[in-house]
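Student: just coords:
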């Protein structure tokens with residue numbers, strides 16, 4: 001993780017959809033940002049603050065993804081704290097689902113004060129593949 005080597009998006013809100021390697025029952029998500037010590041500006045105001053995590057089912061049509069081709073299930077909301085460790089893991093709500101999902105959506109609702117952009121340095125998904133019993137990092 002190096003300063004500037006992040007997924008940056010304009011403003012203080014944004015989202016990323018991650019395709020998982022298999023259908024997964026998620027247990028936690030880890031988010032990482034740089035520390036003030038390594039930041040060229042000495043601040044981390046571009047770090048995400050309020051985040052929501054969804055399981056997402058997408059149905060692809062020739063014209064792309066339509067509103068009727070998506071199904072979301074909220075797994076949790078949390079706050080990334082810049083004064084804590086740069087890598088923070090958040091447990092997610094486990095729920096019995098009739099079917100597994102292959103995508104996870106990370107919705108960043110706010111950052112720590114940067115009006116121009118927000119940066120995500122690393123996102124890790126933790127869980128159990130549909131036909132596994134032991135928990136593992138995906």
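Tutor: That came through fine. Model, not experiment: these values are computed from the prediction.

Student: Which pLDDT does the model give residue 92?
Tutor: Looking at residue 92, its pLDDT is 89.

Student: So residue 123 sits against residue 20, correct?
Tutor: No. If you go by CB atoms under 8 Å, residue 123 and residue 20 don't touch, sitting 11.8 Å apart. To be clear about C-beta, it is placed using only N, CA and C from the backbone, and glycine gets the same treatment.

Student: which stretches of this structure have low pLDDT?
Tutor: 1, 58-70, 95-100, 132-138 (pLDDT under 70).

Student: So for it, which residue is the most central one in space?
Tutor: Centroid check for the chain by CA atoms, centre = their mean gives residue 106 as the closest residue, at 3.4 Å.

Student: The protein: strands as residue ranges?
Tutor: Here the chain has its strands, by DSSP state E, at 7-10, 14-32, 50-61, 64-79, 87-91, 101-108, 117-120, 122-129, 136-137.

Student: Just put these in CSV and tack on distance to residue 39.
Tutor: Converted to CSV, the strands of the chain look like this (distance: least, CB to CB, whole Å):
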stretch, distance to residue 39
strand 7-10, 14
strand 14-32, 14
strand 50-61, 20
strand 64-79, 20
strand 87-91, 16
strand 101-108, 18
strand 117-120, 10
strand 122-129, 16
strand 136-137, 27
